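Asks: My questions concern the predicted model and sequence given below.
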Amino acid sequence: MKIGIIGLSCSGKTTIFNALTGQSAETSAFSGAKREPNLAEVNVPDERLYKLSSMYNPKKTTPAKIQYVDIAGSVSSKDEKKQNELDELLNLLRPADALLHVVRNFELAGQTPEPQKDFEALESELILTDLITVEKRLERLEKESKKGKKPDPEEYELLKKAKDLLDKGIALRGDKEICNSKKLRGFTFLSAKPTIVVLNTGDDLEIGATKLELPSPIGFIEIKGKLEMEIMQLDPEDAEIFRNDLGLDEPATTKLIQKSYELLGLISFFTVGEDEVRAWTITQGTKAQKAAGVIHSDIEKGFIRAEVVSYNDLINAGSYHNAQKQGKVRLEGKDYIVQDGDIIQFRFNV
Ligand SMILES: Nc1nc2c(ncn2[C@@H]2O[C@H](COP(=O)(O)OP(=O)(O)OP(=O)(O)O)[C@@H](O)[C@H]2O)c(=O)[nH]1
Ligand SMILES: [Mg+2]
């Protein structure tokens, strides 16, 4: 899973990226500098994985991962001269499954923060970018149609609907039909991507004091980005002391990572054994046979049954053996809908 970090210039994207990943990518004192994107993969914090690991003592424990990509500057379509640069940025964002939109809520070079205004400015850029894509495609379909080539009616209708929304300044992410349509998938609309707004609040402000009005469905989290980044860069012991002193509980970024996971409708199932205890990522509603394919396509193809025990049943039983004796280990078929926290052993033919 890949998440793109966007935001106006100097909103603190790289700061948030560092806070999330523990890296020390260079933050910028001024905007406009063109730099390479920052990429990193982070583990999805999940206490259950570590409980399972202490039960099995495996050689390896593998958490689920999220990739973050932090791009420099802002995605703005207004500046014609920079079209190449804009395309480059967009190309980095297109494959993202979701977006983190960082909004500045700290004073920068004497400029007071205007988070509502900043949010709306970039939101309308995303909408405009999508509108341009839709209009180009519609124009083309209409041209072809004049030459006698009939456009795909489903694609055409959906594009019309998308144009109506975008014309009104409404992002596509709220429209299930558009977001789920296979016909439109290739356009990778930015305003259709699930989005979390990260309000990046200065050290001197109080969390919760700033109110933002966000269109649904957008996720929201407020973080003191710079503070979290600085703590993240301490060694773990010092970080702990520092956190206690400040009365902070878990890193805000833990919450943010978990929130990204929830927002995307993702859940984890586990495989366990002496070699490896591992978390695997699937979307809610995935059936057992499809889930097997996340591990290996051969297991999906040769799927026979899934041996399943829920996380709570296994922990309460104390061991797999006990769970079996208590009748908590079930045999499920290919259409079983995998639940968050299921521990699964797949039986398959090769
Ligand atoms: N006071 C304060 N300053 C911050 C915070 N987050 C970022 N900054 C400062 O704001 C400036 C820009 O931060 P970056 O993280 O580089 O912002 P960016 O969005 O990645 O900038 P570009 O990549 O140039 O678009 C830096 O000088 C940061 O130190 C914050 O939470 N509080
Ligand atoms: Mg940056």
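Replies: Received, thanks. Ligands and ions are numbered 1, 2, ... in the order given.
Asks: packing partners for the helix or strand of the chain with the lowest mean pLDDT?
Replies: The helix or strand of the chain with the poorest confidence is helix 83-93; it has a mean of 81 (mean pLDDT, DSSP states H and E). When contacts are defined as 3 or more Cβ pairs under 8 Å, 6 or more residues apart in numbering; DSSP states H and E, helix 83-93 packs onto strand 2-7. (Glycine included, C-beta is placed from N, CA and C.)
Asks: Give me the angle between the strand it packs on and helix 83-93.
Replies: Interaxial angle of strand 2-7 relative to helix 83-93 (axes from the mean of the first three to the mean of the last three Cα atoms, to 10 degrees): 140 degrees.
Asks: List the contacts of strand 2-7.
Replies: 13, 16-17, 66-71, 74-75, 92-93, 95-104, 122, 193, 260 (Cβ atoms under 8 Å, 6 or more residues apart in numbering).
Asks: If we use 6 Å, what do you get?
Replies: 13, 17, 67-70, 93, 96-102, 260 (Cβ atoms under 6 Å, 6 or more residues apart in numbering).
Asks: Pick the one among the residues you listed closest to ligand 2.
Replies: Comparing these against ligand 2 with Cβ to the ion places residue 13 closest, at 4.7 Å.
Asks: Pop out the phi and psi values for the closest one.
Replies: phi -60, psi -50 (degrees, to the nearest 10).
Asks: contacting residues around the least confident helix or strand of the chain?
Replies: Residues outside helix 83-93 that contact it (Cβ under 6 Å, 6+ apart): 4, 37, 69, 71, 75.
Asks: any idea which of those has the most stuff around it?
Replies: Neighbour counts for the contacts of helix 83-93 (other Cβ atoms under 10 Å) peak at residue 4, which has 26 neighbours.
Asks: which non-adjacent residue is nearest that one?
Replies: residue 96 (3.6 Å; Cβ to Cβ, 6 or more residues apart in numbering).
Asks: That neighbour: what secondary structure?
Replies: At residue 96 the chain is in coil, as set by DSSP: H, G, I helix; E, B strand; the rest coil.
Asks: Repeat that for the one 5 residues further on.
Replies: Assigned by three-state DSSP, the conformation of residue 101 is strand.
Asks: ok, now how distant is the residue nearest to residue 4 from residue 9?
Replies: As judged by Cβ to Cβ, to the nearest Å, residue 96 and residue 9 stand 19 Å apart.
Asks: And those two? Which one has more around it.
Replies: The neighbour count for residue 96 versus residue 9, taken as other Cβ under 10 Å, is higher for residue 96 (21 against 16).
Asks: ok, back up a step: which one among the contacts of strand 2-7 gets closest to residue 333?
Replies: Nearest to residue 333, judged by Cβ to Cβ, of the contacts of strand 2-7 is residue 97 at 29.0 Å.
Asks: Could you report the neighbour count for the closest one?
Replies: 16.
Asks: Provide a list of residues in contact with it.
Replies: 1-2 are the contacts of residue 97 under Cβ under 6 Å, 6+ apart.
Asks: tell me which residues form a beta bridge with the closest residue to residue 333 other than its chain neighbours?
Replies: Leaving out its chain neighbours, the residue that sits closest to residue 333 by Cβ to Cβ, 6+ apart is residue 305, at 6.4 Å. Per DSSP bridges, the residues bridged to residue 305 are residue 347.
Asks: burial count for residue 305?
Replies: Residue 305 has 17 nearby residues by other Cβ under 10 Å.
Asks: Do I have it right that it meets residue 331?
Replies: Yes - taking contacts as Cβ atoms under 6 Å, residue 305 lies within contact range of residue 331: 5.1 Å.
Asks: Once you drop chain neighbours, what's closest to residue 251?
Replies: Nearest one to residue 251, counting by Cβ to Cβ, 6+ apart, is residue 228 at 6.2 Å.
Asks: Now for the spatially closest residue to residue 11 that is not a sequence neighbour: which residues touch it?
Replies: Sequence neighbours aside, residue 104 is the residue nearest to residue 11 in space, at 4.2 Å (criterion: Cβ to Cβ, 6+ apart). Residues near residue 104 by Cβ under 6 Å, 6+ apart: 11, 113, 118, 200.
Asks: Mind checking what secondary structure the last one has?
Replies: Applying three-state DSSP to residue 200 yields a three-state assignment of strand.
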